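>>> Predicted model follows, preceded by the sequence.
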Amino acid sequence: MTRNEFKKRFLKARRRIIAGEFSHLNDMQQEAVMATEGPLLLLAGAGSGKTTVIINRIANILKYGRASDCDEIPPYATEAELEVLEAYADRATEEIPEDVKSICALERAEPWRVIAITFTNKAADELKSRLEAILGEQALDIWASTFHSACVRILRRDIERLGIYSRNFTIYDTVDSQSLIKRIVKDLELDEKMFPPRTVLTYLSNAKDQMQTAEDFIDQVSKTRDIRKKQIGEIYREYTKRMREANALDFDDLILITVKMLSEYEDVREYYSNKFKYVLVDEYQDTNKLQYNLVRLLAGKWNNICVVGDDDQGIYRFRGASIENILSFEDQYKNCRVIRLEQNYRSTGNILDAANAVISMNVARKGKELWTKNERGELITLYRAENESDEAQYVATQILEGFSQGLNWGDFAVLYRMNAQSNQLEYAFKRNGIPYRVIGGTKFFDRAEIKDMLAYLCVINNTNDDLRLLRIINNPPRGIGAKTVDTVSQIASEGGVPIYEVVKRAREYTELSGAANRLLGFVNLIEDLRSFAYTAPEGEAAQDTQPKPRPLDELYEYLLRRTGYIDMLEKKNPQENASRIENIWELKSNIITYMQENEDGSLAGFLDEIALYTDIEQLDESVDSAIMMTMHSAKGLEFPVVFIVGAEEGIFPGVRSIGEPEELEEERRLCYVAITRAKKKLYITAARQRMLFGRTSANRISRFVEEIPDAYMDKVQPGITIIRNTGFSAPRPKTEKSRIEWQEKKTVPVTEFRKGDRVHHKAFGEGLLISVTAMGGDALLEIAFDSVGTKRLLCNSAARHMKKIDV
DNA sequence: ATCATAACGCTTTTT
DNA sequence: GCGTTATGAT
């Protein structure tokens, strides 16, 4: 056999074996999995098995290295090995023995040479657990993390290079950043109305995205006459100064500083770019310029960069994401390959076609048409409601109907454009006894009491953290009033020292003589907490090892006792503060969870995790309940039944996007995202009239609905949904004629149901009516259902799903 | 220092 | 329409 012929046969057999390992994937997916080398752009439509491809691609890299994507064979390959391969090539679908795999492999990558970057912790967690499921233990060494946590990891190691920050830097979240800005605006004596913290932060964020320092920013605007921008420049400068003094980094800084460090320090760059032989980035359409730069630097050495995304699902332009990154990837990486995943495994034909129809109206896109082998499925139901409460009731009714047919509550998701829309829906769900969960809205970690507790922990960790220090210096009240705080922070900023230093030396300043005792009391408290935190518990201290830090939960309990925070809440208003106290204990369970998951977990580590992981309470999937959330939060999720509510001009698309072609395209992408969340059934609802922000308006139906061909839709009008007597409501009338007939029927009288009645509810089954309480024009029914427990329903809503049964 | 009332303002959101 | 915040009065 010539060497050439040998090589050919070897390659052929090897390829068949590797392909066999991924034969459960479709052709395009397989191609993507096997294209391990060089730049790869993976355009993955909604529901096309994107994460599966990422997982398998990594598995391929670890198992076979670059064998699936090159024409090289090991120089030491023998004919005996070829025989083994060929013997297995034909039955490649079975489990392949390890020795055969290693004949195939060419430069297997160690797990720590792979970095997979995602946007959300949830996505990162999913990636990690799926990797672990197919790769076992070695998956733990893969860097599967968010942009931000990857940067924190890098910075904790190397940030001291820059000589500005120390390793134990603090992370500021958006709220922290905003309150710092607020302080600065005050201190610079600027008009607070002209500089809302949110807006200013957006400017800073954009500047950082362009890698502009405060000085760059000031330079740039100095040529203009825009005084406001010049002042924003001043704010930026002051912000940077104070952040440095506080040894703090905000979310943008985490990435910015990492990029700076990698650009400026060749040895650091060399270390990471050499380390990461394979770089993968998920949701690439949502990256901003800074993130693009980070990825570019990390992948700079090996150029094995795979970005996965869908230009049609870019919905975060408003926060700086640049869809350009995906649209121009091919220009940036000239020799890159492009693979499209267009087969959808999630939705029915009707739903998918509707989504395709809508998104095809956009101009700025790569062009891609999803298709599916799934059945056509049910038509999309469009419901034109009278007003928002009719809309909500309709949704509730459909859910009850679905539940009575055997679906779970968790199979339903209601998607809206803005959080403010959830109110009416919540009412309707409550009235009808539908268990639900609202995702988003006010977050656990944004609550005042939680912020307070974390502020204490932050100060223990880093006494230079002025912002957090100011938050707790008089909380609980310890007689340090606003005036004292002002004087202290002024002295501090004049001397360029942390506030804590001034507080410590209160006696040295005549201005503070009056408050000195109380200030020193505070110092005492902090020092006490600090020494508690970093001293080993009794008996465990070994003389030859360095002192072990105190377990976090003990520190936390000590903190609660020593500060008297809970006592204060209880004394003040035990009623109102009950939930606050609950939250404080809830934080303790977070601490315990953290300790269980991180054996050598430190206070600093815990604070990192908290700073970057803000949605801990989110998904408790153990409880079966319907889900409500914004369309944005729904990205990446899927549900059997989806309701898109408020499909009206002015709401969706929102007022601010109408007349702005680019914004409108973003709204349309959002619509595409929303539609493609649905697996089996999609409802779209729109109200003729709606009250929002205290104003009633009549809106035209959303243009996005008009963009869906009628053939995919079933249009439904409001019928009278309340029936007169016993018995269930008939199917909703669909024609104008029957609708009018139905309008003759009357509201069910409150007296229809009595205490002690046996009732049958369409969704909840049989039960006993325990009490009837008149409430306005309605009645609250308390019913002990045989199988689902006791529920409280409002008669006007529930009656249509209920009848009395004779005993 | 704390409470009351007036005033504002309000996409979307992750880190 | 509602929830948060700013300001002033006690």
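That came through fine. Numbering: from 1, shown residues only, chains lettered A, B, ... in the order given.

>>> Please compute how far the helix or strand where A:Cys151 lies lies from its chain's middle.
Using DSSP states H and E, A:Cys151 maps to helix A:147-158. Mean-position distance between helix A:147-158 and its chain equals 19 Å (CA atoms, centre = their mean, to the nearest Å).

>>> which residues sit against whichever helix or strand comes after that helix?
The first helix or strand that comes after helix A:147-158 along the chain, using DSSP H and E, is strand A:170-172. Here strand A:170-172 makes contact (CB atoms under 8 Å, 6 or more residues apart in numbering) with A:152, A:180, A:243, A:246-251, A:254, A:458, A:461-462, A:465, A:467-468, A:607-608, A:611-612. In this view, the C-beta of every residue, glycine as well, is placed from N, C-alpha and C.

>>> Strand A:170-172 pairs with which strands, parallel or anti?
strand A:248-250 (parallel) (DSSP bridges).

>>> Going by neighbour count, which residues in the strand it pairs with are buried?
Of all the residues in strand A:248-250, those buried under the rule 16 or more other CB atoms under 10 Å are A:248-250.

>>> Of those residues, which is the nearest to DNA strand C?
Closest approach between the buried residues of strand A:248-250 and DNA strand C, by CB to the nearest atom of the strand: A:Asp250, at 18.6 Å.

>>> returning to what we had before: and the buried residues of strand A:248-250 near DNA strand C, which?
Near DNA strand C, judged by CB under 7 Å from any atom of the strand, there are no entries from the buried residues of strand A:248-250.

>>> Quick check: chain neighbours aside, which residue is closest to A:Asp786?
A:Glu766 (5.3 Å; CB to CB, 6 or more residues apart in numbering).

>>> Output the strand or helix carrying A:Leu382 as PDB, nothing but the C-alphas.
Using DSSP H and E, A:Leu382 falls within strand A:380-385. Output in PDB follows, covering the C-alpha atoms of strand A:380-385 (Å, rounded to 0.1, in the frame of the first residue of the first chain):
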ATOM      1  CA  ILE A 380     -52.700  30.900  15.700                       C
ATOM      2  CA  THR A 381     -55.600  32.500  17.600                       C
ATOM      3  CA  LEU A 382     -55.900  36.200  17.400                       C
ATOM      4  CA  TYR A 383     -58.200  37.600  20.100                       C
ATOM      5  CA  ARG A 384     -59.400  41.200  19.800                       C
ATOM      6  CA  ALA A 385     -60.300  42.100  23.400                       C
END
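
>>> Listing partners with orientation, what would you give for that strand?
Here, using DSSP bridges, strand A:380-385 pairs with strand A:678-687 (parallel), strand A:713-716 (parallel).

>>> Could you say which of these is packed most deeply?
Sort those by mean neighbour count, taking mean count of other CB atoms under 10 Å, and strand A:678-687 sits at the top with a mean of 25.

>>> so how far is it off the chain centroid?
That offset, for strand A:678-687, works out to 23 Å (CA atoms, centre = their mean).

>>> close to DNA strand C, is it?
No. Applying CB under 7 Å from any atom of the strand, one finds strand A:678-687 out of contact with DNA strand C, separated by at least 14.7 Å.

>>> now swap in stretch A:470-477 and tell me
No. Stretch A:470-477 lies out of reach of DNA strand C by CB under 7 Å from any atom of the strand, never closer than 13.0 Å.

>>> Can you tell me how far A:Leu25 is from A:Ala46?
18 Å (CB to CB, to the nearest Å).

>>> which of those two has more neighbours?
A:Ala46 (24 against 19; other CB atoms under 10 Å).

>>> Hmm, A:Leu370 and that one touching each other?
Yes. The pair A:Ala46 and A:Leu370 passes the contact test of CB atoms under 8 Å, sitting 6.8 Å apart.

>>> which neighbours do those two share?
A:344, A:355, A:676.

>>> Sort out which of these are in helices and list them.
Using DSSP state H, the members of the shared contacts of A:Ala46 and A:Leu370 that fall in helices are A:Ala355.

>>> rewinding a little: can you redo the strands paired with strand A:380-385 as JSON lines with mean pLDDT and distance to A:Ile164?
Output for the strands paired with strand A:380-385, formatted as JSON lines (pLDDT from 0 to 100; distance: least, CB to CB, whole Å):
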{"stretch": "strand A:678-687", "mean pLDDT": "96", "distance to A:Ile164": "49"}
{"stretch": "strand A:713-716", "mean pLDDT": "93", "distance to A:Ile164": "59"}
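
>>> All good on my end, thank you.
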